[in-house]
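Enquirer: show me how the following folds:
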Amino acid sequence: MKIYLAGAISGETYEDVVEKIEAKKYALQLMGYKILNPMTAKKAIRTEIKLKSHGYGNPESTNHAIFGRDRWMVEQADILLVDLRDTPDRASIGSCFEMAWGFAANKHIVLVMEKESIHQHAFVLEAADIVFETMAEAYLYLEALSRME
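Expert: This next block holds a predicted model:
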């Protein structure tokens, strides 16, 4: 099964985002998942001090390139793992779009966020098929799903 890794990127460093994705990627690959990574073909932005939500000029990271590539990856996925933990002061609009695309495409959406998250919103909660507060809980659930194939 293919799993798309969604989560907050804006305001983070490139290295921090890649590190978080690589940790998830490693754990999920051990379960047999194929990973769809939102940082694919975005190495040109690695020199940014903090990643921003728009306005990159290189071909792989224009607004349209990011929008189109991420939507395409969501459509390819069987499952979206949306990690919205540790986002106290900024909503991840991109992740919300990815959840909406996934919902519209009937993808299974696994959401991880704290009870006091800025993302506590009816649309986010209703788009998710299941909500966990910790990655450990999500991994246990995803491990069970990976054994279904």
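
Enquirer: chain center to the helix or strand containing Ile66: distance?
Expert: Remark: Ile66 resides in helix 63-76, with elements defined by DSSP states H and E. Between the mean C-alpha point of helix 63-76 and the mean C-alpha point of its chain there is a distance of 12 Å (CA atoms, centre = their mean, to the nearest Å).

Enquirer: show me what it is packed up against.
Expert: Judged by 3 or more CB pairs under 8 Å, 6 or more residues apart in numbering; DSSP states H and E, helix 63-76 is in contact with strand 2-7, strand 34-36, helix 93-104. Any C-beta I mention is one placed from the backbone N, CA and C, and that applies to glycine too.

Enquirer: quick one: closest of the ones you listed to Ala138.
Expert: Between Ala138 and the helices and strands packed on helix 63-76, the tightest spacing by CB to CB is seen for strand 2-7, at 10.8 Å.

Enquirer: just the angle between the closest one and helix 93-104, please?
Expert: For strand 2-7 and helix 93-104, the angle between their directions (axes from the mean of the first three to the mean of the last three CA atoms, to 10 degrees) works out to 150 degrees.

Enquirer: so where's this protein uncertain?
Expert: Applying pLDDT under 70 to the chain flags residues 41, 43-52, 55-56, 88, 149.

Enquirer: next, the angle from the lengthiest helix in it to strand 2-7.
Expert: Taking DSSP state H as the assignment, the helix of the chain that covers the most residues is helix 14-30. The directions of helix 14-30 and strand 2-7 differ by 150 degrees, with the same axes, to 10 degrees as the criterion.

Enquirer: mind giving me the packing neighbours of helix 14-30?
Expert: Judged by 3+ CB pairs under 8 Å, 6+ apart, the packing partners of helix 14-30 are strand 2-7, strand 34-36, strand 79-83, helix 135-146.

Enquirer: so for Asp70, which of these sits nearest?
Expert: The stretch from the helices and strands packed on helix 14-30 with the least distance to Asp70 (CB to CB) is strand 2-7; that distance is 8.3 Å.

Enquirer: export the closest one to CSV, keeping only CA atoms.
Expert: Output in CSV follows, covering the C-alpha atoms of strand 2-7 (Å, rounded to 0.1, in the frame of the first residue of the first chain):
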residue,chain,number,x,y,z
LYS,A,2,1.1,3.6,-0.6
ILE,A,3,1.0,6.2,2.1
TYR,A,4,1.3,9.9,1.7
LEU,A,5,3.0,11.8,4.5
ALA,A,6,1.3,15.1,5.1
GLY,A,7,2.2,17.7,7.8
